[in-house]
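Student: From the sequence below, what's the structure:
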Amino acid sequence: MQVVSIKSRNVLAMSRIPILESERSYTFGCYFEMPFEPDDILAEFGCSLERSFLELPQSNATLDRLSDLKSRIEDSFSYISLDSDKARRSFLIAPILSDLIVYTRTRLRVNYYIEVSDRLKGSLDYFFDGNQKLLVVAAQNTDLSRGFLQMALELIALDLWTDSDEAIFMGAISTGDIWQFGKFERETKQITQDLNLYCIPADLDLLLRILIATIDP
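Tutor: Predicted structure coming up:
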């Protein structure tokens, strides 16, 4: 398995100049706007970042709604202007998550507000709150890279917010037509960014199977 590790030079440096201002309040969206490298920002929370090809589980469930879902998404590409974040959320991301609810029978919280501290607070776009949790973030301005950073901070916040005993929290960032996964290992405080990208509608079957297996292993 190919692995590209990112070791922040600042994680163990006690004299490092902080990136975050001590008197300032930060929402999750604030981190999306920051110019700093993701590993340097994550180091502020004692976490490290690694990029690798994740081997994600896939469900063997019968996807009896797949054909209809794919047709609706293809129609969206053909007949709807998808230039705005709201349009991509409504016509590309939401239909997939709606079917995911049916397949897994798991509660979905939308725009779910949490506040762990002045540095970790804000609304989670989509949060599947079952025995196995899944966070889905809609990338602003189709910026997958900065969106992944925001998702990572939200996973860190969930680690402190929930009383779940899961060893790993999973997240997905989506521009609507592209999806990318990430995982947070709670004990080691390591965020792993999957180097695989899943394109919609071509990879819709595979994406759904991964999402289902993540929530309902």
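Student: Next, the closest residue to residue 69 other than its chain neighbours: secondary structure please.
Tutor: Distance criterion C-beta to C-beta, 6 or more residues apart in numbering; nearest residue to residue 69, sequence neighbours excluded, is residue 99 at 5.4 Å. Quick note: C-beta positions are derived from backbone N, CA and C, even for glycine. Each residue gets one of three states, and residue 99 gets helix by DSSP: H, G, I helix; E, B strand; the rest coil.
Student: is it true that residue 99 touches residue 65?
Tutor: Yes: under the criterion of C-beta atoms under 8 Å, residue 99 makes contact with residue 65 at 5.1 Å.
Student: Look at those two and report which has more neighbours.
Tutor: residue 99 (21 against 15; other C-beta atoms under 10 Å).
Student: Return the per-residue confidence for the more buried one.
Tutor: According to the prediction, residue 99 has pLDDT 98.
Student: OK, contacts around the residue nearest to residue 69?
Tutor: For residue 99, the contacting residues are 65, 69, 208, by C-beta atoms under 8 Å, 6 or more residues apart in numbering.
Student: helix or strand for residue 173, which one?
Tutor: Using DSSP states H and E, residue 173 maps to strand 168-174.
Student: The helix or strand that comes right after that strand pairs with which strands, parallel or anti?
Tutor: Once strand 168-174 ends, the next helix or strand along the chain (criterion: DSSP H and E) is strand 178-185. Sheet pairing of strand 178-185 (DSSP bridges) gives strand 168-174 (antiparallel), strand 190-194 (antiparallel), strand 198-199 (antiparallel).
Student: mind putting those in JSON lines, mean neighbour count, mean pLDDT and distance to residue 50 included?
Tutor: Listed next are these as JSON lines, based on neighbours: other C-beta atoms under 10 Å; pLDDT from 0 to 100; distance: least, C-beta to C-beta, whole Å:
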{"stretch": "strand 168-174", "mean neighbour count": "23", "mean pLDDT": "98", "distance to residue 50": "13"}
{"stretch": "strand 190-194", "mean neighbour count": "22", "mean pLDDT": "98", "distance to residue 50": "5"}
{"stretch": "strand 198-199", "mean neighbour count": "16", "mean pLDDT": "98", "distance to residue 50": "20"}
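Student: wait, which of the contacts of residue 99 is closest to residue 54?
Tutor: Ranked by distance to residue 54 (C-beta to C-beta), the contacts of residue 99 are led by residue 208 at 16.8 Å.
Student: That closest one: what secondary structure?
Tutor: Residue 208 ends up helix, using three-state DSSP.
Student: hang on, it packs against residue 95?
Tutor: No: between residue 208 and residue 95 there is no contact under C-beta under 8 Å: 11.1 Å.
Student: shared neighbours of these two, anything?
Tutor: With C-beta under 8 Å, 6+ apart, residue 208 and residue 95 have common neighbours residue 69.
Student: what about these two, which has more around it?
Tutor: A direct count of neighbours by other C-beta under 10 Å for residue 208 and residue 95 places residue 208 higher, at 23 against 17.
Student: Tell me where the chain has strands.
Tutor: 3-6, 48-52, 108-117, 120-128, 134-138, 168-174, 178-185, 190-194, 198-199 (DSSP state E).
Student: which secondary structure elements does the third one contact?
Tutor: In this case it means strand 108-117. helix 94-104, strand 120-128, helix 144-161 (3 or more C-beta pairs under 8 Å, 6 or more residues apart in numbering; DSSP states H and E).
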